[in-house]
Structures are given as C-alpha cells and as structure tokens.
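>>> got a structure for you, letters missing:
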C-alpha cells in the first residue's frame, strides 16, 4: 500500500539554525500539507500546497517557514531560524483531488530545538 | 473561528462499546472526519461523514447530526490495540484539517 514517507525521523538542532524537513507524498496525490503537534497537544495545520503554490497557511506559518516541491516527488518544509518553541512533531500529509477530508499522514519528524 | 470539543479521556474494558463525542463550531461546514493516533505515531484516517447519519466500517462507526453540530465515533468489541488518541477534525474548502484536542482512549483487560 502506498504511503507518505518523511526524513529524518528525528532532528536535533541549535536555536537559530536552519532545518529542512523532507517528505515524499503518495505519488498520485496532488494536495500536500504540513502539520505540527507539540507534545501532548492537538495536531495543528501549518500550510497546504497545490499546483506548485501555497493554497492556505496558518498564522503559525510566518516568514521563517517556507515550503517547496523541488522535484516531482519531494515536498520540503524549511524553518529558517529555529526557535525553542518550534520543537514539535512535524507531519506531512497528502490527499487526492476532491478528497481533502481523507489525508494520509507520514510518520513525522520529531524536531528538538536546543 | 472554528472549534471542536471532545472529552479528554475515556476508559473502557476489552469487548465493550465506547462512544467518543465531538461538538463543533465552524464557518462553512463540509463534514466531520475522525483520525486515530497511537502514541508516537501518525494520525490515521478512520472515517468521514458529509451527511447526517451513521457510517459503519467494521468495528468502527461514525455519526453526524449537522443540525446539532454534533458527531460521534463508536467503537465496538474493543480490543487492547484500540488504546490510542482519537481526533475529530473538520476539513475546510481548501482541504486543511482543523483538529479537536483529541480523546485518549484507554482499553483495560
């Protein structure tokens, strides 16, 4: 069964450093998303991406965040200058057209900012 | 704004039936989804209700009442592996999911 993959599974970084989180969505999906989950809290939407551009972004997704689809398979989230409060699990998800309610999540990248 | 309310914790015994409720306040409602998340794992899609009524998928069923802004997830014949967090979520017209705070289900022997 096709699945969303994410790398790395864990990332530890120093405050102020840049990190890039990588995702490979399911191949025939056209809608891509990033969510984050701070330990013990709910899953929060960050950004959605379709047709090589951002469809919607949350207020969390400020200027330090960016997304890119550099090729036909990868989807990346870059955090330019990490802060302590960026420590969270980051999930990538994808969905088929017209089925945004059914999103397939990757296993997540646990980011720890020291 | 949008908000979803669900109980924080539910405990039940193996073999029992448990119902997890979700009430919502949203602008532009399209339907109600349910996701399961095991500790340290990714959310996994369980069900989606766009219309009123009951949707059944094996041991899990989901119900929606749009007039009451209310839905629930029903888990039957509980198994130990059902111990997890369950989130209700509403999709927007752009596809983003707004999640509730989650209900931690503990299944005891």
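Cool, got the structure. Quantities reported herein were computed from a predicted structural model and do not represent experimental measurements.

>>> only C-alpha atoms for contact and neighbour calcs from this point on.
OK.

>>> Which residues are in contact with the residue nearest to residue A:2 when sequence neighbours are not counted?
Of all residues not flanking residue A:2 in the chain, residue A:26 sits nearest, at 6.1 Å (Cα to Cα, 6 or more residues apart in numbering or on different chains). By Cα atoms under 8 Å, 6 or more residues apart in numbering or on different chains, residue A:26 lies in contact with A:2-4, A:94-95.

>>> Could you rerun that using 7 Å?
Applying Cα atoms under 7 Å, 6 or more residues apart in numbering or on different chains to residue A:26 gives the contacts A:2-4, A:94.

>>> mind listing the strands for chain B?
Ranges of strands in chain B, per DSSP state E, are B:3-5, B:9-13, B:18-25, B:32-37, B:44-49, B:53-57, B:60-65, B:70-75, B:84-91, B:97-99, B:103-108.

>>> Name the nearest residue to residue A:47, sequence neighbours excluded.
According to Cα to Cα, 6+ apart, the nearest residue to residue A:47 is residue A:57 (4.2 Å).

>>> near chain A, which residues of chain B show up?
Selection of chain B residues close to chain A by Cα under 7 Å from any Cα of the partner chain yields B:33, B:41-45, B:48, B:91, B:94-102.

>>> Buried among these? Make that a PyMOL selection.
To isolate the buried members of the residues of chain B next to chain A in PyMOL, using 16 or more other Cα atoms under 10 Å in any protein chain shown:
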select buried, chain B and resi 33+42+43+44+45+48+91+95+96+97+98+99+100+101+102
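
>>> before we move on, back to that, need the strands of chain B in CSV (columns: mean pLDDT).
CSV is the format used below for the strands of chain B (pLDDT from 0 to 100):
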stretch, mean pLDDT
strand B:3-5, 93
strand B:9-13, 97
strand B:18-25, 97
strand B:32-37, 96
strand B:44-49, 94
strand B:53-57, 93
strand B:60-65, 97
strand B:70-75, 97
strand B:84-91, 95
strand B:97-99, 93
strand B:103-108, 97
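
>>> Let's have these in JSON lines, adding distance to residue A:36.
Below are the strands of chain B laid out as JSON lines (distance: least, Cα to Cα, whole Å):
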{"stretch": "strand B:3-5", "distance to residue A:36": "17"}
{"stretch": "strand B:9-13", "distance to residue A:36": "22"}
{"stretch": "strand B:18-25", "distance to residue A:36": "21"}
{"stretch": "strand B:32-37", "distance to residue A:36": "14"}
{"stretch": "strand B:44-49", "distance to residue A:36": "15"}
{"stretch": "strand B:53-57", "distance to residue A:36": "28"}
{"stretch": "strand B:60-65", "distance to residue A:36": "25"}
{"stretch": "strand B:70-75", "distance to residue A:36": "24"}
{"stretch": "strand B:84-91", "distance to residue A:36": "14"}
{"stretch": "strand B:97-99", "distance to residue A:36": "11"}
{"stretch": "strand B:103-108", "distance to residue A:36": "18"}
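
>>> Tell me the spacing between the residue nearest to residue B:103 when sequence neighbours are not counted and residue B:31.
Distances taken as Cα to Cα, 6+ apart put residue B:8 closest to residue B:103, at 4.5 Å, once the chain neighbours are dropped. For residue B:8, the distance to residue B:31 (Cα to Cα, to the nearest Å) stands at 22 Å.
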